[in-house]
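>>> just coords:
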């Protein structure tokens, strides 16, 4: 009995997550022209949702992501280039809005952070192993005292 109620709760949670994810998908084409639609989809998959931070604005159903999708659609409709759209959004929200930010002095820490975290982790592991290898075993201490 307990297992079946757990399965029901798990199924309900899975359905809720699927419904939540489905709400973020644009079901209608933003443009009748397939080339403009492809540009729109490409751009919305290159821009980060600033609320979710781990999703593109194409995947997110946050209200800010919806606003950004509308803004991108309007700018493409006006004839702005991809570079102009990205420049506008980075001027407004910073380089973090791009999933692939440019390498510059401002973004150096962003690009170096994964490597620094790996080096820090390796350093901590090596330090811990060296400290523990220098400690005597408990069995050695009891044999010396006997």
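Yep, that arrived. Fair warning: this is a prediction, and the values are worked out from it, not measured in the lab.
>>> CA atoms for contacts and neighbours, from now on please.
Noted.
>>> and the top helix by length along the chain, what other elements does it pack with?
Counting residues, the longest helix found in the chain (DSSP state H) is helix 108-134. Packing contacts for helix 108-134, counted by 3 or more C-alpha pairs under 8 Å, 6 or more residues apart in numbering; DSSP states H and E, involve no helix or strand.
>>> report the rounded mean pLDDT for it.
Per-residue pLDDT values over helix 108-134 give a mean of 91.
>>> the residue nearest the centre of the chain in helix, strand or coil?
In the chain, the centroid-proximal residue (C-alpha atoms, centre = their mean) is residue 54; its distance is 2.3 Å. Using DSSP: H, G, I helix; E, B strand; the rest coil, the secondary structure recorded for residue 54 is coil.
>>> so it touches residue 48, yeah?
Yes. Between residue 54 and residue 48 there is a contact under C-alpha atoms under 8 Å: 7.2 Å.
>>> where do the domain boundaries of the protein fall?
Recorded structural domains for the chain (assignment: automatic domain parsing) are 1-102, 103-146.
>>> tell me how far the shortest one is from the chain's mean position?
What that stands for is domain 103-146. 28 Å (C-alpha atoms, centre = their mean, to the nearest Å).
>>> ok, the longest one next?
Between the centre of domain 1-102 and the centre of its chain there are 12 Å (C-alpha atoms, centre = their mean).
>>> start at 7 instead
With the count now opening at 7, the last piece we talked about shows up as domain 7-108.
>>> contact partners for residue 137?
Contact partners of residue 137, counting by C-alpha atoms under 8 Å, 6 or more residues apart in numbering, are absent.
>>> from residue 87, how far out is it?
Going from residue 137 to residue 87 by C-alpha to C-alpha, to the nearest Å gives 58 Å.
>>> try residue 105
Distance from residue 105 to residue 87, by C-alpha to C-alpha: 18 Å.
>>> these two: which has the busier surroundings?
The residue with more neighbours, out of residue 105 and residue 87 and counting by other C-alpha atoms under 10 Å, is residue 105; that gives 16 against 12.
>>> deepest of the domains of the chain, which one?
Comparing the domains of the chain by mean neighbour count (mean count of other C-alpha atoms under 10 Å), domain 7-108 ranks first with a mean of 15.
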